[in-house]
Structure formats: structure tokens, C-alpha cells
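Trainee: Need coordinates for the below:
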Amino acid sequence: MPVYERGYRHFEGERSLRLLRFVPIAANGVRLAMRSKLFLFLVAFPSHISLIVGAVIAYLFFQQLPLMMQQRGMSPAEMTQASFLFSSAQTQVGPLLYWTIQSVQAGLWIPVIGGLLAGRLIAADAQANALEVYFARPITRLDYALGKFFTAFGFLLYVTLVPPVGAWGVACLFAPNASYFHASKSMAFGLVVNALLISGVSATLMLGVSSASKKPRFASALFVGLMIFSHVASQILLEAIGKPDVYLVSITNNFLIVGYRLVSETVVGQIIQEGVDLPPREHALFVLGGIVLVSIVLFARRLRAVEVVR
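Mentor: Next comes the predicted model:
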């Protein structure tokens with residue numbers, strides 16, 4: 001049948017949602033990263049070590065230690081007192097364990113992920129003149145930005161959320177009853193919020209640094225330098241000046257200052273007992289907000305500089 005004789009027919013194909021156009025970009029970025037053996041052996045596998053260590057500690061503390069107490073042949077009164085002390089110890093040790101795991105994960109793996117991934121986000125596309133292809137319809141600048149953001153955000157959230165929350169889940173599994181879960185669920189919520197904060201700010205900074213250059217290696221080195229040398233500079237200034245405000249120079253320290261109150265008051269009490277004088281949390285939030293703002297400005301300038309012929 002000739003085409004001109006068919007007339008109008010209703011469109012029967014599938015239309016993709018406008019809000020989900022960034023998903024293929026993010027999925028492609030994750031797929032390319034996971035294809036790298038260097039990324040797998042430096043991030044995907046080693047990042048589980050803290051989860052394994054935390055799970056072993058939780059198992060020993062919640063399973064083996066009570067068995068050892070029972071085998072000592074304590075009297076009922078001694079067992080009651082020991083159980084009370086042990087229950088108090090669980091509520092004290094648990095938050096410190098999960099907080100330590102999350103802090104180590106953030107301080108160790110964010111620079112590693114940034115060194116392997118930052119150059120691939122924007123700098124590699126700019127070097128290959130691929131931004132014009134991305135911004136051709138129906139992909140918009142917002143779709144591209146969200147896709148690249150969630151590529152970095154997914155990996156960062158994975159290394160900062162799964163190990164501490166996984167260790168907490170193991171502790172809840174080995175706990176003698178459900179009271180530990182109900183007593184610590186607010187702490188688990190704080191771990192989730194803190195992981196979202198760390199991952200969101202770090203992913204935005206990664207986008208800003210990656211858009212500042214067309215050389216992927218330079219962008220990766222710049223991100224690692226900002227994370228590491230800001231912390232080193234903070235320690236040097238602390239020794240030289242001694243004022244607590246110099247903690248704000250370190251990006252990692254800003255995460256710690258904001259996050260330790262989100263997790264548990266037990267962590268706050270431990271920091272106070274150690275005599276560490278930290279700046280107010282509002283100052284650290286202001287610094288992190290400035291980092292996000294500068295990163296968005298750099299990223300937006302890179303996108304506006306691209307001319308797309310439609």
C-alpha cells in the first residue's frame with residue numbers, strides 16, 4: 001500500500017519520560033567505570049574490608065562475649081548486673097564503631113574514587129568534543145548534569161553507606177532481642193543522612209573540578225589534591241596557630257564536624273571527653289555550602305560555553 005493512502009494513524013510506540021533521560025547517562029558512566037579492572041581492584045573489592053571487620057566485631061561483641069560470660073558460672077545476681085552493664089556497653093560501643101567505619105570510608109575512598117572517576121565525568125567529554133553530541137535533542141543540559149552527578153554520587157554513596165549500615169545490620173541480627181534495633185534505629189538514620197551529605201557534596205565538587213579542565217588526568221589530580229592537601233594544610237595550621245577554626249580548611253574535617261552530631265550523642269560525648277575543641281557545626285555547613293556553590297558555578301560555565309546547533 002502506498003504511503004499516501006495510509007492516512008493518519010495514532011502513535012503506538014513508547015515514549016521515554018523526560019525526568020528519566022539522565023538515567024542512560026548515569027548508567028553508562030557506571031558501566032564504563034565497572035569495566036575498568038583498576039577500579040574494581042582499588043575500589044569495589046577493598047571497600048568491603050571495613051564492612052567485614054565491623055561485622056566480625058559485632059559478632060564477637062554480641063555473640064561470643066555473652067557466651068563467655070555464661071561459661072564463667074556467674075550467679076543469677078551477677079548475671080543480671082553483667083547483662084545490664086553489657087547492654088549499656090552495646091549502646092556506647094555501637095555508635096562509635098559505625099561512626100569510625102563511616103569516617104574511615106569517607107577519608108580513604110573519596111580521594112581514590114575521585115582520582116579514578118573525576119577525569120572521566122566532564123573533562124574526557126570536553127577533550128573529545130562530545131558535549132555537543134550530548135546536548136543534541138532530546139538531551140538537555142540538566143539531563144547531562146544529573147546523569148554525571150548520579151554517576152559519581154552512586155559510587156560515593158556505596159562506599160560511605162553500605163559498610164557502616166551493613167555492620168549495624170549484622171549487630172541487629174546477632175543481638176539477643178529486638179531492643180537493640182529499636183534503640184539504635186535513629187542512629188542508623190543519622191548514618192544514612194550523613195552518607196547522603198558526604199556523597200552529595202563530594203559528587204558536586206567532583207563535577208566542578210572535572211569541568212575546570214579539558215585534561216582528564218589534571219582534573220583527577222586536582223580533585224585528589226584538594227581532598228588530601230586541604231587536610232594536610234589544616235593540620236599544619238593547627239600546629240602553627242592552634243585555633244579550632246583551622247579545621248574548616250580541610251574538606252574531610254568539615255564532613256566530620258557536621259556528621260558526628262547526626263550519628264549519635266555518644267560520639268559527641270566521646271569527642272568532648274577527648275578534649276577536642278571543634279568549630280561550630282554551622283561554620284562547617286557554610287563551608288560545604290560554599291564548596292557546592294563554587295562547583296555548580298564552574299560546571300554551569302562549562303555547559304554554557306558549549307554551542308549546540310539544533
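Trainee: Not counting residues beside it along the chain, what's closest to residue 156?
Mentor: Leaving aside its chain neighbours, residue 156 sits nearest to residue 199 (3.9 Å; criterion: CB to CB, 6 or more residues apart in numbering). Every residue, glycine included, has its C-beta placed from N, CA and C.
Trainee: what do you get for residue 194?
Mentor: Counting by CB to CB, 6+ apart, residue 194 lies nearest to residue 259, which is 4.0 Å off, once chain neighbours are set aside.
Trainee: what's whichever strand or helix holds that neighbour in contact with?
Mentor: Assigned by DSSP states H and E, residue 259 belongs to helix 251-263. Residues from elsewhere that reach helix 251-263, judged by CB atoms under 8 Å, 6 or more residues apart in numbering: 95, 98-99, 102-103, 106-107, 110, 187, 190-191, 193-194, 197-198, 201, 205, 226-227, 230-231, 234, 247-248, 267-268, 271, 278-279, 281, 283-285, 287-288, 291.
Trainee: Could you report the separation of residue 55 from residue 184?
Mentor: Residue 55 sits 16 Å away from residue 184, going by CB to CB, to the nearest Å.
Trainee: any idea whether residue 139 is helix, strand or coil?
Mentor: Using DSSP: H, G, I helix; E, B strand; the rest coil, the structure places residue 139 in coil.
Trainee: For it, which non-adjacent residue is closest in space?
Mentor: Using CB to CB, 6+ apart and skipping the chain neighbours, the partner closest in space to residue 139 is residue 21 (6.1 Å).
Trainee: Also residue 245?
Mentor: Spatial nearest neighbour of residue 245, chain neighbours left out: residue 279 (5.2 Å); criterion: CB to CB, 6+ apart.
Trainee: can I assume that neighbour is in contact with residue 248?
Mentor: Yes: under the criterion of CB atoms under 8 Å, residue 279 makes contact with residue 248 at 5.9 Å.
Trainee: of those two, who's got more company?
Mentor: Set residue 279 next to residue 248 and count neighbours by other CB atoms under 10 Å: residue 248 wins out with 21 against 17.
Trainee: list the contacts for that one?
Mentor: Going by CB under 8 Å, 6+ apart, the list of residues near residue 248 reads 234, 254, 257, 279, 283-284, 287.
Trainee: that older thread, restricted to helices, list the contacts of helix 251-263.
Mentor: If you go by DSSP state H, the contacts of helix 251-263 have 95, 98-99, 102-103, 106-107, 110, 187, 190-191, 193-194, 197-198, 201, 205, 226-227, 230-231, 234, 267-268, 271, 281, 283-285, 287-288, 291 in helices.
Trainee: Tell me the buried residues within those.
Mentor: 95, 98-99, 102-103, 106-107, 110, 187, 190-191, 194, 197-198, 201, 205, 226-227, 230-231, 234, 267, 271, 283-284, 287-288, 291 (16 or more other CB atoms under 10 Å).
Trainee: circling back: so the residue nearest to residue 156 is in contact with residue 160, correct?
Mentor: Yes: assessed by CB under 8 Å, residue 199 is found in contact with residue 160 at 5.8 Å.
Trainee: what about these two, which has more around it?
Mentor: Comparing residue 199 with residue 160 by neighbour count (other CB under 10 Å), the higher total belongs to residue 160, at 29 against 22.
Trainee: Setting the sequence-adjacent residues aside, check what's closest to the more buried one.
Mentor: Of all residues not flanking residue 160 in the chain, residue 195 sits nearest, at 4.3 Å (CB to CB, 6+ apart).
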